[in-house]
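In: Fold the following, please.
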Amino acid sequence: MRWLSLFMSLALPFGTLAAKKPATPADTFNDFHTKALATTPVKLLDSSYKKLTASPRDYSVAVLLTAMDARFGCQLCREFQPEWDLLAKSWLRGDKKAESRTIFGVLDFADGRDTFISLSLQTAPVLLFFPPTIGPHAVAGVDGPVRYDFTNGPLSAEQVQAWIARHLPGRPHPAVKRPVNYVAWAVGVVSTLGIAGALAKAGPYILPVIQNRNAWAALSLIGILMFTSGHMFNQIRKVPYVAGDGRGGISYFSSGFQNQLGMETQIIAFIYGLLSFSAIALIMKVPRVADPKKQQIWVLVWSAVLFLVYSFLLSIFRIKNGGYPFSLPPFM
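Out: Reported below is the predicted structural model:
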């Protein structure tokens, strides 16, 4: 009996080793999917990251490598983390039967320093997608993960969902479900009612202004003068207000039709406005003058203004282009 008990004690460890089977990809997926049901995305460590992404895999893995600690100063990490959490939770709710066989995880630098070093990562965040290596959805010829590019700044959960869906052909692609923002709805309803009430109360005073043709004509004229004088060009090109003339003075006009200064735009707008006002005065105001002599004087005055201002405008055209052939006195 002594020999039998000794033999059993020696054979027991070997029997335990023989009974313990290595974990299969299905076991790994089920293990992490159970963790995802409790909290998603699954928070990983160096060891769990290696286990989840190890080959062979009959499932997909989407892992966000981030650095949330304030000492790293990763503003993009903090901005994208809520979107990643929303995507993972929306995916899990839309794929309750795990038909897409996709695990969402997150590995922070504080928990996965060795992984960051092994991947030679110098920046964060980094989004990696690991396609299956075996099974019906295996991707042939893919040795490593597919990396998402964050060079365009913060991304929305919908953008990343579309990117992941492209790598999961023939499988469910649950849409992102954003929670209802009741505060925004309440603010919107209250603001709409407040604006509607204010308009209803002030309607008798505002309506005559809106229906005034002269007010619309003035606004239209201001808009036309702004755009024809080059205001939009200044906003796009960010041109300087004035420039030096090379002799210690200031130049208000830039030569060439492809160049312009801010002061030049204002001068041209004033000239166009004065020409427009002179023409309007000759057409609408002067005919209403009852005294024939005064009417004749106003005709001469506004005609002289038109002539002089237009002569000055032609001289500016010659400054912009020395080959401009037209001119009028006195600005020759």
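In: how about the helices in the stretch 1-150 of the chain?
Out: Along the stretch 1-150 of the chain, the segments classed as helices by DSSP state H, counting those that start in this stretch run 2-19, 25-38, 46-53, 75-94, 113-118.
In: Convert stretch 45-62 to CSV, retaining C-alpha atoms only.
Out: In CSV, the C-alpha atoms belonging to stretch 45-62 read as follows (Å, rounded to 0.1, in the frame of the first residue of the first chain):
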residue,chain,number,x,y,z
LEU,A,45,-2.8,45.0,-20.0
ASP,A,46,0.4,43.9,-21.7
SER,A,47,-0.4,40.2,-21.1
SER,A,48,-4.1,40.4,-22.1
TYR,A,49,-3.2,42.4,-25.2
LYS,A,50,-0.8,39.6,-26.3
LYS,A,51,-3.3,37.0,-25.6
LEU,A,52,-6.2,38.7,-27.4
THR,A,53,-4.2,39.6,-30.5
ALA,A,54,-2.2,36.3,-30.7
SER,A,55,-2.4,34.1,-33.8
PRO,A,56,-4.3,32.1,-34.8
ARG,A,57,-7.5,34.1,-34.5
ASP,A,58,-10.9,33.3,-35.8
TYR,A,59,-12.2,36.7,-34.6
SER,A,60,-11.4,40.4,-35.2
VAL,A,61,-9.9,42.8,-32.7
ALA,A,62,-10.1,46.6,-32.6
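In: Can you give me the buried ones in that stretch?
Out: Within stretch 45-62, the residues that count as buried by 16 or more other CB atoms under 10 Å are Asp46, Ser48, Tyr49, Leu52, Thr53, Arg57, Asp58, Tyr59, Ser60, Val61, Ala62. (Each C-beta comes from the backbone N, C-alpha and C, glycine too.)
In: okay, among the residues you listed, which ones form the most distant pair?
Out: Greatest spacing in the buried residues of stretch 45-62, by CB to CB: Asp46 and Asp58 (23.1 Å).
In: that older thread, ok, so of the buried residues of stretch 45-62, who is nearest Val189?
Out: Ala62 (37.7 Å).
In: sorry, back to before: for the buried residues of stretch 45-62, give me JSON lines that also has pLDDT and distance to Leu314.
Out: Output for the buried residues of stretch 45-62, formatted as JSON lines (pLDDT from 0 to 100; distance: CB to CB, whole Å):
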{"residue": "Asp46", "pLDDT": "93", "distance to Leu314": "77"}
{"residue": "Ser48", "pLDDT": "94", "distance to Leu314": "79"}
{"residue": "Tyr49", "pLDDT": "94", "distance to Leu314": "74"}
{"residue": "Leu52", "pLDDT": "93", "distance to Leu314": "76"}
{"residue": "Thr53", "pLDDT": "92", "distance to Leu314": "74"}
{"residue": "Arg57", "pLDDT": "89", "distance to Leu314": "77"}
{"residue": "Asp58", "pLDDT": "90", "distance to Leu314": "80"}
{"residue": "Tyr59", "pLDDT": "92", "distance to Leu314": "77"}
{"residue": "Ser60", "pLDDT": "93", "distance to Leu314": "71"}
{"residue": "Val61", "pLDDT": "94", "distance to Leu314": "72"}
{"residue": "Ala62", "pLDDT": "94", "distance to Leu314": "67"}
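In: Let's have the residues you listed in JSON lines, adding distance to Ile250.
Out: JSON lines is the format used below for the buried residues of stretch 45-62 (distance: CB to CB, whole Å):
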{"residue": "Asp46", "distance to Ile250": "65"}
{"residue": "Ser48", "distance to Ile250": "68"}
{"residue": "Tyr49", "distance to Ile250": "64"}
{"residue": "Leu52", "distance to Ile250": "68"}
{"residue": "Thr53", "distance to Ile250": "66"}
{"residue": "Arg57", "distance to Ile250": "70"}
{"residue": "Asp58", "distance to Ile250": "74"}
{"residue": "Tyr59", "distance to Ile250": "71"}
{"residue": "Ser60", "distance to Ile250": "66"}
{"residue": "Val61", "distance to Ile250": "65"}
{"residue": "Ala62", "distance to Ile250": "60"}
